[in-house]
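Undergrad: after the sequence you'll find the predicted model.
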Amino acid sequence: MGYDNDNIFAKILRGEIPNFTVYEDDETLAFMDIMPRSPGHVLVIPKTPARNMLDASAAQLAACLATVQKVARAQMQAFDADGITTQQYNEDAGGQEVFHLHYHTMPRHAGVAMGPPGNMGDMDEIAANAARIRAAL
C-alpha cells in the first residue's frame, strides 16, 4: 500500500481544502480537527508524503513529535488543561482512517471523558479554540 496523493490531508497541504491552522513550520502543519473529541483537538502532520509511521522517515517522525510537544504545551495553557492525550493510528486494523501520517493531540480535564469520534464540531467554536492555541504559542 502506497501513499495516496489525493487524501484529505494532502489536499489541505495543497490549499484545496480550508483548515484552521494553529502552527506551521518548514516541516509540519498543525490544524484543528473538525470532528473534535475535546475542545482544542489538533492534528499534526508532516508536509511531506508519509502514509503513516511505518513508512515515515526518522526525520518526519522527529519533526512531527517536536510540533506535537509545542502544540501540547500551548493547549495546556490555552485550555487550563490537566493533561494531554496524544493518539496515532497505523493502517486499517490499527484504526487509521486518513492515510497520511498524523498525530491527534487533545487537551484533557480530570474526570471529563473524550467525546465520541465522528461528530462534526461547531466551526465558530473550532475557530475560537484555534485562536486560543495560537495566542498561547
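TA: Everything's here; your move.
Undergrad: can you name the residues that contact the closest residue in space to His109 that isn't next to it in sequence?
TA: Leaving aside its chain neighbours, His109 sits nearest to Asp82 (5.2 Å; criterion: Cβ to Cβ, 6 or more residues apart in numbering). The way it works is simple: take the backbone N, C-alpha and C, and place the C-beta from them, glycine included. Residues in contact with Asp82 (Cβ atoms under 8 Å, 6 or more residues apart in numbering) are Arg108, His109, Ala110.
Undergrad: give me the neighbour count for the first one.
TA: Using other Cβ atoms under 10 Å, Arg108 has 19 other residues around it.
Undergrad: in terms of helices and strands, where is Ala135?
TA: Take DSSP states H and E as the rule and Ala135 turns out to sit in helix 123-136.
Undergrad: all strands of the chain, in order?
TA: For the chain, the strands defined by DSSP state E cover 21-24, 28-32, 42-46, 83-87, 103-108.
Undergrad: pLDDT score for the most centrally placed residue in the chain?
TA: The chain has Leu43 as the residue nearest its centroid, 0.5 Å off, counting by Cα atoms, centre = their mean. Note on Leu43: pLDDT of 98.
Undergrad: check the one 3 residues further on too.
TA: The predicted structure scores Pro46 at 98 on the pLDDT scale.
Undergrad: which residues touch it?
TA: Pro46 neighbours (Cβ under 8 Å, 6+ apart): Glu27, Thr28, Ala56, Gln60, Ala63, Cys64, Leu101.
Undergrad: so what's the fourth one closest to, chain neighbours aside?
TA: Translated: Gln60. Counting by Cβ to Cβ, 6+ apart, the residue nearest Gln60 is Pro46, at 4.4 Å.
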